[in-house]
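K.L.:
One predicted model, sequence on top.
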2 protein chains.
Amino acid sequence: MKKMLLASSSTIYGQRYLEYLHDEIKNLFSGCKKILFVPYARPSGISHLEYTEKAKNVFKILNLEIIDYTNEDLRETLEKCDGIFIGGGNTFLLLDKLYQYSLIDILKNKIDSGIPYLGTSAGTNICGITIGTTNDMPIVHVKSLEALGIIDFNINPHYLDPIDGFEHMGESRETRINEFHKFNDQFVIGLREGSYLQVEGDDIYLKGLKHAVIFKKKNEKFEIENGFNLKNII
Amino acid sequence: MKKMLLASSSTIYGQRYLEYLHDEIKNLFSGCKKILFVPYARPSGISHLEYTEKAKNVFKILNLEIIDYTNEDLRETLEKCDGIFIGGGNTFLLLDKLYQYSLIDILKNKIDSGIPYLGTSAGTNICGITIGTTNDMPIVHVKSLEALGIIDFNINPHYLDPIDGFEHMGESRETRINEFHKFNDQFVIGLREGSYLQVEGDDIYLKGLKHAVIFKKKNEKFEIENGFNLKNII
C-alpha cells in the first residue's frame, strides 16, 4: 500500500527546513532504519553531499537515519533502503539524473510497493504524470517530461495566487496552467506552501495549512479543503 | 546589419498591447510592406489566427501591414516577408514549432542579414543562445533548448526583483539564474518589464524604462543603465 507525503515546499516562512513537517515525517518513517535521500535537485546548486548532510541533520533530530552520500549513482542504495526522501531544487535536473541512472522504474516499483516516501517541491512534482507544471527553469535538457506517474495527475508546487496591486504583466500561475491544458489532459493541483498530500494506498488526502486549487481541463478551477480525498475526482 | 528590438514584455501595466513601443516599432519597420507575425507562442492558448489579428490591429494604427495568417507552416511567408515580429506566450511551444517547421536556420539567416525584427517576451527569449532562462512552464517537450543564438547570451524576460515582505519560499528569479550557471556559461540579462534591447549590427543597447541586471557566471550581478552597450561585456 502506497505511503507517501508530498509537500509543496520543504520550508515555510519564518520556520526552519522541514520544521512544519516534523511530526508527519516521524510518523511516515517510523521503524525505518535506512532512509535514502536523493539530492539530485540541488537547490541553489549546492553539492549532493552538502544537501544530503542538510537533510541528515534534520532527520537526526527526529531520531531517523539517512544513509551517507557516497556515490552519484544511487541505484545500489535504492535497492537496500527502507525509506525514500527526494528533496526540492530544480525539477529538470532531478528528472534528468533519474533518467541518467535509469532509476525511474525501480523508484516507481518501490513506492508502489509501499516504501515510505517523502517528496518536497521538485520531489513532489516528479510523482505526477509529467513535470509540465514545474515553475523551474530548464537549466538542463531532459529527454522526456514524463515523470514517475505514481499519482494520476500533475502538481504545481509553491502555488501562488495573483497578488492584489502587483503590476507585473508576466503570466500568472493560473494562466500558465491553463496554457498547459491546451496540450495536456490531466488535472493539476495547485499546492500552496504549507500544504501537502498524504497518500495511503489509493487515498490521497489534502493536508496542512492551506486550501488547494484544482484545475481541470475545460472546467472552472475549484478549491478543496483540508481532508479532501482526491481519489474522488480522479 | 542586424536591426532588432527585443522587448521584455509586449505590455506594461496600465497600457494597451505594445503601446509603449509604438514609436520604436514605427522606426524599426519604416518602409516595410510585408511584415510576418509569428503567433506560435499563443499566450493563454489563443489561436494563431486570433493572435495574428491582435498584432495586425495594432500595426494598422501605426500604418504598418502584417501579412494575413493563412497557414501554420510559415516557411513560405518567411521567404517573402520584409519584416518579422515574434510575439510572446509560451517559449517551449514557440521553439517547438520553429523546430517542427525547420524555421531556425532561415530565421537566423534573415535576421543576421538585417531584416527588421521585433521580439516580445518569448520572441525575445528565443534570440538568445538557449531558452534555459525562460519563466514558462514546459507545456510541450521541445527536442532541444538551443535557440536562435543571434545574440551571444541568454535573456530572462519579465525579470522580477525580490519583493520586500513577500513570504513565498519558492526560488527567486536570481536563485534560478544562479542555478542555471551551474550548468551553463553564457551571461544572462534580467530584462525588467518596460525595457528592451536595441540591436544595430554588433551594438546592443539597453533602452526603455528600467535598468537591467547582468548575471555573469561566478561573478556578482551588476546593474546596467539605459544606453549601455552590451557589446562591451560580451
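P.N.:
Thanks, I have it.
K.L.:
Leaving out chain neighbours, which residue sits closest to A:Ser102?
P.N.:
Counting by CB to CB, 6 or more residues apart in numbering or on different chains, A:Arg75 is the residue found nearest to A:Ser102 once chain neighbours are left out, at 7.4 Å. Using the backbone N, CA and C atoms, a C-beta is placed for each residue, glycine as well.
K.L.:
can you tell me how far the one you found sits from chain B?
P.N.:
Using CB to the nearest CB, to the nearest Å, one gets 23 Å for the distance from A:Arg75 to chain B.
K.L.:
now do A:Ile61
P.N.:
20 Å.
K.L.:
give the contact list for the residue nearest to the spatial centre of chain A.
P.N.:
In chain A, the residue lying closest to the centroid (CA atoms, centre = their mean) is A:Thr124, at 0.9 Å. The contact partners of A:Thr124, taken as CB atoms under 8 Å, 6 or more residues apart in numbering or on different chains, are A:6-8, A:88, A:155, A:157, A:191, A:196-197.
K.L.:
Ok, A:His158 next?
P.N.:
Here A:His158 is in contact with A:8-9, A:121, A:135, A:191-193, B:168-170 (criterion: CB under 8 Å, 6+ apart).
K.L.:
Any chance of JSON lines for those, columns secondary structure?
P.N.:
What follows is the contacts of A:His158, written out as JSON lines (DSSP: H, G, I helix; E, B strand; the rest coil):
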{"residue": "A:Ser8", "secondary structure": "coil"}
{"residue": "A:Ser9", "secondary structure": "coil"}
{"residue": "A:Ser121", "secondary structure": "coil"}
{"residue": "A:Asn135", "secondary structure": "coil"}
{"residue": "A:Leu191", "secondary structure": "strand"}
{"residue": "A:Arg192", "secondary structure": "strand"}
{"residue": "A:Glu193", "secondary structure": "coil"}
{"residue": "B:His168", "secondary structure": "coil"}
{"residue": "B:Met169", "secondary structure": "coil"}
{"residue": "B:Gly170", "secondary structure": "coil"}
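K.L.:
Quick check: of those, which lies closest to A:Ile35?
P.N.:
A:Ser121 (18.0 Å; CB to CB).
K.L.:
Do me a favour and get the backbone dihedrals for the closest one.
P.N.:
phi 50, psi -110 (degrees, to the nearest 10).
K.L.:
how about A:Met4, secondary structure?
P.N.:
Applying three-state DSSP to A:Met4 yields a three-state assignment of strand.
K.L.:
pretty sure it is touching A:Tyr117, no?
P.N.:
Yes. Applying CB atoms under 8 Å as the test, A:Met4 and A:Tyr117 come out as touching, 4.3 Å apart.
K.L.:
anything in contact with each of the two?
P.N.:
In the contact map built from CB under 8 Å, 6+ apart, the residues linked to both A:Met4 and A:Tyr117 are A:111, A:127.
K.L.:
before we move on, the earlier item: can you tell me how far the residue nearest to the centre of chain A is from A:Gly88?
P.N.:
When distances are taken as CB to CB, to the nearest Å, A:Thr124 and A:Gly88 turn out to be 8 Å apart.
K.L.:
Give me the common contacts of the two.
P.N.:
Common contacts of A:Thr124 and A:Gly88, defined by CB under 8 Å, 6+ apart, comprise A:Pro157.
K.L.:
tell me how far the helix ranked longest in chain A is from the chain's mean position?
P.N.:
Using DSSP state H, we find that the single longest helix of chain A is helix A:48-61. Taking CA atoms, centre = their mean, to the nearest Å, one finds helix A:48-61 lying 17 Å from the centre of the chain it belongs to.
K.L.:
How many residues are close by the closest residue in space to A:Leu18 that isn't next to it in sequence?
P.N.:
The shortest distance from A:Leu18 to any residue that is not its chain neighbour, by CB to CB, 6+ apart, is 5.0 Å, and that residue is A:Val58. Residue neighbour count, defined by other CB atoms under 10 Å in any protein chain shown, stands at 19 for A:Val58.
K.L.:
my read: A:Val58 touches A:Gln15, true?
P.N.:
No. Under the criterion of CB under 8 Å, A:Val58 makes no contact with A:Gln15, lying 11.7 Å away.
K.L.:
how about the helices in chain A?
P.N.:
A:22-28, A:48-61, A:75-80, A:91-100, A:104-112, A:122-125, A:173-180.
K.L.:
Out of those, which one sits most buried?
P.N.:
helix A:122-125 (a mean of 29; mean count of other CB atoms under 10 Å in any protein chain shown).
K.L.:
what's the distance between it and the middle of its chain?
P.N.:
Taking CA atoms, centre = their mean, one finds the center of helix A:122-125 at 2 Å from the center of the full chain.
K.L.:
Next: stretch A:84-100.
P.N.:
Using CA atoms, centre = their mean, the offset of stretch A:84-100 from its chain centre is 10 Å.
K.L.:
same deal with stretch A:212-224?
P.N.:
What separates the centre of stretch A:212-224 from the centre of its chain is 20 Å, taken as CA atoms, centre = their mean.
K.L.:
cool, stretch A:18-32 as well?
P.N.:
15 Å.
K.L.:
Show the end-to-end separation of it, please.
P.N.:
With CA to CA, to the nearest Å as the measure, stretch A:18-32 spans 18 Å from end to end.
K.L.:
go on, stretch A:219-229?
P.N.:
Using CA to CA, first and last residues of stretch A:219-229 are 19 Å apart.
K.L.:
That one and chain B in contact?
P.N.:
No. Contact between stretch A:219-229 and chain B, assessed by CB under 8 Å from any CB of the partner chain, is absent, since the two come no nearer than 14.3 Å.
K.L.:
Would you mind pulling the contact partners of that stretch?
P.N.:
Contacts made with stretch A:219-229 from outside it, assessed by CB under 8 Å, 6+ apart, are listed as A:174, A:190, A:203-208, A:211-215, A:230.
K.L.:
what's the burial count for A:Lys33?
P.N.:
Applying other CB under 10 Å, I find that A:Lys33 has 11 neighbouring residues.
K.L.:
Who are the contact partners of it?
P.N.:
A:Lys33 sits next to A:65, A:82 when contact means CB under 8 Å, 6+ apart.
K.L.:
same thing with the one 4 residues further on?
P.N.:
Residues near A:Phe37 by CB under 8 Å, 6+ apart: A:51-52, A:55-56, A:66-67, A:69, A:85-87.
K.L.:
From those, pick the one nearest A:Ile129.
P.N.:
Each of the contacts of A:Phe37 was checked against A:Ile129 using CB to CB; the closest is A:Ile86, at 16.5 Å.
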